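J.: Any chance you can model this:
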Amino acid sequence: MIIETQRLILRPWRDDDAAKLYLYASHPDIGPVAGWPQHTSVENSLEVIRTIFSAPETYAVVPTSVGHPVGCCGIMFHNGLHTASMQPREAEIGYWIGKPYWGQGLIPEAVKALLARCFDELGLSAVWCGYYDGNAKSKRVCEKCGFTYHHTNRNILSPLGDIRTEHFHLMTAEAYHAHKASL
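T.: Predicted structure coming up:
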């Protein structure tokens with residue numbers, strides 16, 4: 001599956017993306033704030049591509065002006081790896097982007113494309129989006145994309161082994177279609 005937006009191509013990850021993935025995912029401001037360790041080598045990034053990023057509906061975020069991946073976004077379903085408490089016909093959207101591309105609106109553009117996939121093509125009833133306390137950039141993505149705050153989970157164990165607070169936002173199919181109709 002390839003999804004095209006005004007400025008992006010969202011496509012599956014490939015082995016030959018490992019060096020670019022390492023370039024962005026090795027930065028200490030990227031992974032740890034999202035709950036995953038920064039990448040330690042191109043080989044580590046290749047392993048992530050072959051395992052984690054090989055999951056269905058996981059996309060390399062490729063700006064058409066650049067031509068290579070600078071981030072990742074994906075849809076995680078109720079029966080897979082995710083942090084939201086989901087029901088069948090629900091999903092969670094996750095994302096990150098390399099620091100040189102912060103503040104350009106690329107991730108909101110990618111998330112909006114994934115929302116269209118979730119509601120218009122996959123027929124989901126709700127989509128979640130979560131972020132850890134202090135991740136103001138992810139909070140802003142939720143707001144820009146029309147998610148509504150739902151709840152906060154405190155004192156949860158992150159994948160890095162520390163205790164964090166996680167905030168969850170939700171978009172229902174009804175809210176998505178109402179917003180879409182108003183455009």
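
J.: C-alpha from now on. contacts and neighbour counts both.
T.: Noted.

J.: Just checking: what are the partner strands of the host helix or strand of Arg154?
T.: If you go by DSSP states H and E, Arg154 is part of strand 148-157. When pairs are called by DSSP bridges, strand 148-157 turns out to pair with strand 163-172 (antiparallel).

J.: on that earlier part again, in the strand holding Arg154, which residues are buried?
T.: Thr148, Tyr149 (16 or more other C-alpha atoms under 10 Å).

J.: what's the helix or strand for Tyr176?
T.: Going by DSSP H and E, Tyr176 is in helix 173-182.

J.: ok so, going back, how far off centre is the strand holding Arg154?
T.: Mean-position distance between strand 148-157 and its chain equals 17 Å (C-alpha atoms, centre = their mean, to the nearest Å).

J.: pLDDT (mean, whole number) over it?
T.: Averaging pLDDT along strand 148-157 gives 93.

J.: Tell me which stretches of this structure form helices.
T.: Along the chain, counting by DSSP state H, helices occupy 18-25, 31-34, 42-50, 106-116, 136-144, 173-182.

J.: Out of those helices, flag the one nearest Leu8.
T.: helix 106-116 (7.4 Å; C-alpha to C-alpha).

J.: distance of the closest residue to Pro108 other than its chain neighbours from Tyr131?
T.: Nearest non-adjacent residue to Pro108, counting by C-alpha to C-alpha, 6 or more residues apart in numbering: Val141, 5.6 Å away. Distance, Val141 to Tyr131, using C-alpha to C-alpha, to the nearest Å: 10 Å.

J.: can you check Ile52 too?
T.: Taken as C-alpha to C-alpha, the span from Ile52 to Tyr131 is 19 Å.

J.: which residues of the chain score low on pLDDT?
T.: Scanning the chain for pLDDT under 70 picks out 79-84, 182-183.
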